[in-house]
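In: Starting from these lines, generate the structure:
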Amino acid sequence: MNAPQSPLIHLLDDDEAVRASLALLIATVGLRVQTWADPQAFLQGFDREGIGAIVLDVRMPGISGLTVLDTLVAQGVDQPVILLTGHGTVEMCRRAFKSGASEFLEKPVDDELLLEALQNAVRQHVRSRERHQANRQAQALYAQLSEREREVLGLIVEGLTNKEIGRVLGLSPRTVETHRANLFAKLQVDSLAHLIRHYAILVAP
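Out: From the prediction side, this is the model:
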C-alpha cells in the first residue's frame with residue numbers, strides 16, 4: 001500500500017514573482033506547493049480530495065479571491081483558505097471570515113505569520129478529515145445492526161442495566177446480553193466507554 005502523500009498547499013496569485021517567493025518560503029517548512037496563476041484553471045484542476053490548504057490573493061484579473069472562496073464553499077471544498085491582500089479593509093476582512101476564510105493576511109505578508117497560519121490550517125484540515133473518516137466508519141458499522149440491536153444500544157447509552165432493558169423491551173436478560181455482545185462485536189468496541197463514544201459520533205449533528 002502506498003503511503004499517504006504529504007499535505008499540499010495550493011498557491012493562487014497572478015503575480016509570478018509573488019508566487020515564486022512564497023512557494024520558496026512555504027517549502028522551507030516541508031510543505032509541498034502547487035502554484036496557480038489563473039483562478040479558472042485552479043478551480044477546474046486542483047485536487048479536492050487532497051490534504052492541505054489554499055492561499056488566495058484577493059485581487060486578481062477576472063475573478064477575485066473572494067469570488068474564488070465563495071465558489072469553493074459552494075462546491076463543498078473543505079481545504080482551509082488563507083486570503084492575502086495588499087489593499088485590505090475592515091469590510092473586506094469581515095466578508096472574508098464570513099465567507100469561510102481561515103485567515104486574512106495583508107501584503108507584504110509577514111513570513112512567520114503566513115507559515116504559522118498555514119501549519120495551523122493543515123493541522124485543522126487533517127483533524128477535520130479524521131473526524132469525517134471516523135463518522136463514515138461509525139455509520140457503516142451502525143448500518144450492520146438490527147433494529148432490536150439499535151434499540152438495545154440506545155438503552156445501554158441511557159444507562160439501563162440488562163434487566164432494565166429486558167423489562168423495557170420485553171426480553172429476557174440473557175437475550176439482552178446476547179444483543180449486547182453482538183453490539184460490541186459489530187461496532188468493534190471493547191468497553192462501555194468506547195461504545196458510548198461510538199454512539200456520540202453517530203448522533204453528532
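In: List the residues that contact Leu22.
Out: Shown in contact with Leu22 (C-beta atoms under 8 Å, 6 or more residues apart in numbering): 11, 13, 33, 55, 109, 114. Any C-beta I mention is one placed from the backbone N, CA and C, and that applies to glycine too.
In: ok, now with 7 Å
Out: With contact set as C-beta atoms under 7 Å, 6 or more residues apart in numbering, Leu22 has these partners: Leu11.
In: Surely it forms part of a strand?
Out: No: with DSSP: H, G, I helix; E, B strand; the rest coil as the criterion, Leu22 is helix rather than part of a strand.
In: Could you check how far it is from Glu164?
Out: In this view, Leu22 and Glu164 are 62 Å apart by C-beta to C-beta, to the nearest Å.
In: do Ser6 as well
Out: From Ser6 to Glu164 the distance is 51 Å (C-beta to C-beta).
In: Skipping its backbone neighbours, what lies nearest the spatially most central residue of the chain in space?
Out: Centroid-nearest residue in the chain, with C-alpha atoms, centre = their mean: Ser128, separated by 2.7 Å. Excluding its sequence neighbours, the residue lying closest to Ser128 (C-beta to C-beta, 6 or more residues apart in numbering) is Asp78, at 6.2 Å.
In: Could you give the number of residues near the one you found?
Out: Asp78 sits with 16 neighbouring residues when counted by other C-beta atoms under 10 Å.
In: does it sit in a helix, a strand or a coil?
Out: Asp78 falls in the coil class when you classify it by three-state DSSP.
In: Now for Ser64, how many residues are close by?
Out: By other C-beta under 10 Å, the residues close to Ser64 number 18.
In: among the helices and strands of this structure, which has the poorest mean pLDDT?
Out: helix 192-203 (a mean of 77; mean pLDDT, DSSP states H and E).
In: Asp14 against Val58, yeah?
Out: No: Asp14 is beyond contact range of Val58, at 11.0 Å (criterion: C-beta atoms under 7 Å).
In: okay, those two: which has more neighbours?
Out: Val58 (23 against 15).
In: Might you report the residue contacts of Gln79?
Out: 52-54, 125 are the contacts of Gln79 under C-beta under 7 Å, 6+ apart.
In: Identify the farthest-apart pair in these.
Out: Across the contacts of Gln79, no pair lies farther apart than Ile54 and His125, at 10.0 Å, counting by C-beta to C-beta.
In: more neighbours, these two?
Out: Ile54 (26 against 20).
In: From Ile63, how far off is that one?
Out: 14 Å.
In: residue contacts, Gly65?
Out: Neighbours of Gly65 in contact, by C-beta under 7 Å, 6+ apart: 56-58, 83.
In: Could I get the residues you listed in TSV, plus columns for secondary structure and pLDDT?
Out: Below are those laid out as TSV (DSSP: H, G, I helix; E, B strand; the rest coil; pLDDT from 0 to 100):
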residue	secondary structure	pLDDT
Leu56	strand	93
Asp57	strand	92
Val58	coil	90
Leu83	strand	93
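In: right, and the pair among these with maximum separation?
Out: Farthest pair in the contacts of Gly65, by C-beta to C-beta: Asp57 and Leu83, 7.9 Å.
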